[in-house]
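Participant: got a predicted model here, sequence first, then my questions.
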Amino acid sequence: MEARVGSQRKVRKRDFNKLFKNIRAAFYWSQESRNSLAHHLTNNGWNVVVCPSEADIAIADDCQPKDIVVSGDSDMLIYDTVETVWRPLSRGRFLVYELAAVMDHLSISRAQLTTLGIVSKNDYSSNLTRLGISANYKIVKSLEKTETDVQKLIQQYLVHSDVVCKNPSATHFQAATKVFVHRTFTAPDSTIPLHTPGQEATAQDSAQQCGAVKDIFERLEVLRLQLRESKK
């Protein structure tokens, strides 16, 4: 973005989107702040659960029939224990997903919906090249609808004529299967430890992160002034 402004080229929307993404990635929510929020919620009558890994796994594992999950994470639709998802919108509004109605509209089974979520891009596995959600939907819909075993449906998917030509690895969707079917999570890279309750970044790490964020905003202010001058 600095290069575009410096050369007086138009700043595009995608430049801002990339910038916002990097700013969000720089945010660090300290364990002390998390504990403070948990303490505040507990004192106000909320039940707080500290999860050893991803919160959505714990939510899906705890979900009972007729429960409603309030989440903006579309991955919650993949878990077979989830029946209803309320996605928060602006001004206190919610977009309601009744999974039974979703499956009826798409003409697929619960196992097929979970399979579709696993083979498409999610937080744990990527989709195969040129097989996005639309293409995968057509493939998954053609699979055996009476099959209730998601892992068997994934195997059927891997040998489908539109998929096998991609030479997919038999373990390509293993990470997503562990999460959405078995509701267990392991770090994709054993050299990168998972954050667990009680872990805390060092003071040096926190200082570096704060410094990086401060530097970003200082540079943004310079860009803002340059853009203002260029419009005069």
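Facilitator: Structure received. Numbers count the residues shown, from 1 in each chain.
Participant: averaging pLDDT per element, find the lowest-scoring helix or strand in this structure.
Facilitator: Least confident helix or strand of the chain, by mean pLDDT, DSSP states H and E, is helix 203-230 with a mean of 65.
Participant: now the helices: where do they sit in this protein?
Facilitator: Under the criterion DSSP state H, the chain contains helices at 2-6, 13-26, 31-43, 55-62, 99-106, 110-119, 133-141, 150-158, 161-164, 174-180, 203-230.
Participant: mind giving me the packing neighbours of the shortest one?
Facilitator: In this structure, helix 161-164 makes packing contacts with helix 133-141, judged by 3 or more Cβ pairs under 8 Å, 6 or more residues apart in numbering; DSSP states H and E. (Glycine included, C-beta is placed from N, CA and C.)
Participant: where in the protein is pLDDT low?
Facilitator: For the chain, applying pLDDT under 70 flags the ranges 1, 186-214, 216-217, 220, 223-224, 227, 230-232.
Participant: can you tell me the centre-most residue of it?
Facilitator: By Cα atoms, centre = their mean, the chain has its centre lying nearest to residue 123, at 4.5 Å.
Participant: once you drop chain neighbours, what's closest to it?
Facilitator: Distances taken as Cβ to Cβ, 6 or more residues apart in numbering place residue 75 nearest to residue 123, at 5.7 Å, with adjacent residues excluded.
Participant: that neighbour: neighbour count?
Facilitator: 19 (other Cβ atoms under 10 Å).
Participant: which residues are in contact with it?
Facilitator: Taking Cβ atoms under 8 Å, 6 or more residues apart in numbering as the contact definition, residue 75 lies against 56, 117, 122, 123, 180.
Participant: out of these, give me the two with the largest separation.
Facilitator: Across the contacts of residue 75, no pair lies farther apart than 56 and 117, at 11.9 Å, counting by Cβ to Cβ.
Participant: how near is residue 77 to residue 70?
Facilitator: Distance of residue 77 to residue 70, given as Cβ to Cβ, to the nearest Å: 13 Å.
Participant: who's more crowded, those two?
Facilitator: The neighbour comparison of residue 77 against residue 70 (other Cβ under 10 Å) goes to residue 77, with 18 against 12.
Participant: distance of the more buried one from residue 222?
Facilitator: 42 Å.
Participant: over to residue 157?
Facilitator: For residue 157, the distance to residue 222 equals 50 Å [Cβ to Cβ].
Participant: ditto for residue 101
Facilitator: Remark: distance between residue 101 and residue 222 (Cβ to Cβ) = 51 Å.
Participant: do the same with residue 142
Facilitator: Distance from residue 142 to residue 222, counting by Cβ to Cβ: 55 Å.
Participant: what does residue 105 give?
Facilitator: Taking Cβ to Cβ, one finds residue 105 at 50 Å from residue 222.
Participant: which one of these two has more residues nearby?
Facilitator: Shown here are residue 105 and residue 222; by other Cβ under 10 Å, residue 222 has more neighbours (12 against 9).
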